Structures are given as C-alpha cells and as structure tokens.
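In: no sequence on this one, just coordinates:
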Ligand SMILES: [Fe+2]
Ligand SMILES: [Fe+2]
C-alpha cells in the first residue's frame, strides 16, 4: 500500500506532475501557512492545559495537528488508489471494472491534490497510525465484497463526514477547495459501494470477518480524539492519568465518540448491511468510550 516515491525531478515524476496540472484544482498551490485549523476546530479552546500554554506553543500544536491531518489524508488517498487497482483486477463485470477504473483516477488526483500541501522534505509516514494500518490490512487481505462493505461503504462514508469537518474549519482557501472536490468524489465512491453492498450476501465465515472488521472500525472511531491528545501530550511533556482523563473530558470524548458510532450505524443501515450482521455487533457499536476508557486505551497503546 505504501508504494515508494521515485526520486524528485525524475522524468516519470515530471510527466505525472504535468498530467496532474490539468486535473488538480490545487495546481500551483502550496502550504503557505503553518496551520489550517484553529484551536476551536479541535475543541482545544475548552482544554485548560492548552489554554495555559504560551501562544507560540499553542501555534506549534496547531501546526503539528495540521501536519497530522495532511499526512493522514495523503495516505488515505494513496491507499484508495491501491484499493481501486485491486478491485479493477478482481471485477466480475464490465461495469464494475469501469467503476473502479474511474475511482482509481479520482484517488490519484486526490493524492496529488493533497501532496501539493505536504511540507516539502517532511517524509509522510503511517507508522504508528492504527487507522491507516487497518485500512491497509483490509485492502490487502480481504475479499472484494468484504472490502466493499468495510472500505467503500463504512470507511468512505465516514470519510465524507471527516472531509466535511476538515472543510468547515479550514482557513486556507485553496485547501478548502480541494476538500470540497474530494468530498464530492467520495460521496460518489461511497454511493457505488452502497449499491453493491446492498446486494451482497455473506456466508458464515465472511460474516464473521465482516463483523470483526466493523467492530474494530468502531473501536478506531472511539479513538478519534487520540491524535489531539498525543500531540498535546508530546509538546507539554507527558500527562498523569488524571490530566489525560481531564483533557478527554474537556474534549467531550463521550459525545464525539457517540456521534461517530451513530454515523457508522447509519451507514450500515443505508447499505442494508445492518440486516446481515448480528445484533451483538449492533449493540457493540452503541458503546461510546468515555474519558476514562479513552485514557486507559491510549495509555495501553503508548506502552505497546
Ligand atoms: Fe479519495
Ligand atoms: Fe474514494
């Protein structure tokens, strides 16, 4: 999934760049400001520890969060391109092959749109990012109909609201335009996944795998606030468990996680996947983690 990048200024790189010039709305744009989203966008305006920091440290945290969002988007698009390539080869009809060929083209454009804003010289990485590892593992190992339900319906459906959230608070007009364009395309990708998944049938083994992935995805949605807390903690120099719980409380972890899980349940309902999974999974997807649970899970993650 993490295909290498050829040396800068290679002939092939120049050729693809020039092809993308005509396709990217962000052509010629680059990252000109340190941060694209302000503190209130992340809920940091309600976090006491953040508010007590000097302005330059607050701005550094916003910059690191912007780096994180851009890196994550870069890898999501890169994996989207690889996922579509897999599905082109495994398509069983002309229509499916054409669909995934069109999606692959969209994802390649999205990749280059985001790439325009990455900090030059900063190597993007998905090491340590559980969300990206999950996408990569499912895309690499699962059968097409599992991928369609997990990645195209659930993940791209979640991606639509994620990109919409990024777009709402983005104060770089060029990246805001990119996000608007990506959102439109992701809605179409998700829509095609809904059409396909609503007709999919799963045997017992497939159902078990589907449920495991959806349960895991639910857990990842409960970790939505982790990057904010990890970056804050890294800059401040470590939290006690009590401080960490307080930060999750101030970030309204229970409400945020509950909204994410409700969003996933809606996606399963729209695609009629909810009729194909067990009631125990549906119940599990209503368990939003509160601040204490988030803090314990993050501690465990950091010590692993
Ligand atoms: Fe995309
Ligand atoms: Fe997509």
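Out: Thanks, I have the structure now. As the structure is a prediction and not an experimental result, all values here were calculated from the model. Ligands and ions are numbered 1, 2, ... in the order given.
In: Which neighbouring elements make contact with the top helix by length along the chain?
Out: In terms of residue count, the longest helix belonging to the chain (DSSP state H) is helix 55-90. Applying 3 or more CB pairs under 8 Å, 6 or more residues apart in numbering; DSSP states H and E, we find helix 55-90 packed against helix 39-42, helix 94-115, helix 130-141, helix 144-147, helix 156-169, helix 226-236. Bear in mind the C-beta positions are built from the backbone N, C-alpha and C, glycine included.
In: The second one versus helix 156-169: what angle between them?
Out: With axes from the mean of the first three to the mean of the last three CA atoms, to 10 degrees applied, the angle from helix 94-115 to helix 156-169 works out at 30 degrees.
In: can whichever strand or helix holds residue 183 be found next to ligand 2?
Out: Secondary structure assignment for residue 183, by DSSP states H and E: helix 173-197. Yes - for helix 173-197 and ligand 2, the contact criterion (CB under 5 Å from the ion) is met by 186, 189.
In: tell me which residues of that helix are tucked away?
Out: Judged by neighbour count using 16 or more other CB atoms under 10 Å, the buried positions of helix 173-197 are 174-179, 181-183, 185-186, 189-194, 196-197.
In: Give me the distance from the longest helix of the chain to the chain's centre.
Out: 7 Å (CA atoms, centre = their mean, to the nearest Å).
In: What's the nearest residue in the stretch 1-150 of the chain when you look at ligand 2?
Out: Ranked by CB to the ion, the top residue of the stretch 1-150 of the chain for proximity to ligand 2 is residue 80, at 4.5 Å.
In: Kindly tell me how buried that residue is, as a neighbour count.
Out: Neighbour count of residue 80, defined by other CB atoms under 10 Å: 29.
In: okay, it: pLDDT?
Out: At residue 80, the pLDDT value in this model is 94.
In: so it makes contact with residue 109?
Out: No - Residue 80 lies out of contact with residue 109 (CB atoms under 8 Å); the separation is 10.6 Å.
In: Figure out which of the helices and strands packed on helix 55-90 is closest to residue 275.
Out: Checking the helices and strands packed on helix 55-90 against residue 275 by CB to CB gives helix 144-147 as the closest, at 15.0 Å.
In: related to what we said a few turns ago, which non-adjacent residue is nearest the residue of the stretch 1-150 of the chain closest to ligand 2?
Out: Leaving aside its sequence neighbours, residue 80 sits nearest to residue 107 (CB to CB, 6 or more residues apart in numbering; 3.7 Å).
In: Look up how far residue 136 lies from the one you found.
Out: As judged by CB to CB, to the nearest Å, residue 107 and residue 136 stand 14 Å apart.
In: And for residue 35?
Out: In this view, residue 35 and residue 136 are 27 Å apart by CB to CB.
In: So what does residue 239 have for phi and psi?
Out: Dihedral pair for residue 239: phi -120, psi 150, per degrees, to the nearest 10.
In: burial measure for it, as a count.
Out: 18.
In: residue contacts, it?
Out: Taking CB atoms under 8 Å, 6 or more residues apart in numbering, we find residue 239 in contact with 49, 229, 233, 247.
In: Apply 6 Å and report the result again.
Out: Applying CB atoms under 6 Å, 6 or more residues apart in numbering to residue 239 gives the contacts residue 233.
In: Against residue 77, how distant is the closest residue to ligand 1 within the stretch 51-200 of the chain?
Out: Distances between the stretch 51-200 of the chain and ligand 1 by CB to the ion are smallest at residue 110, namely 3.8 Å. Residue 110 sits 4 Å away from residue 77, going by CB to CB.
In: who in the stretch 1-150 of the chain is up against ligand 2?
Out: Residues of the stretch 1-150 of the chain that fall close to ligand 2, judged by CB under 5 Å from the ion: residue 80.
In: Repeat that for the stretch 151-300 of the chain.
Out: Contact residues, the stretch 151-300 of the chain versus ligand 2 (CB under 5 Å from the ion): 186, 189.
In: Contacts for stretch 169-186, please.
Out: 25-26, 29, 36-37, 41, 106, 110, 113, 117, 156, 159-160, 163-164, 166-167.
In: can you count the residues close to residue 140?
Out: Applying other CB under 10 Å, we find 13 residues neighbouring residue 140.
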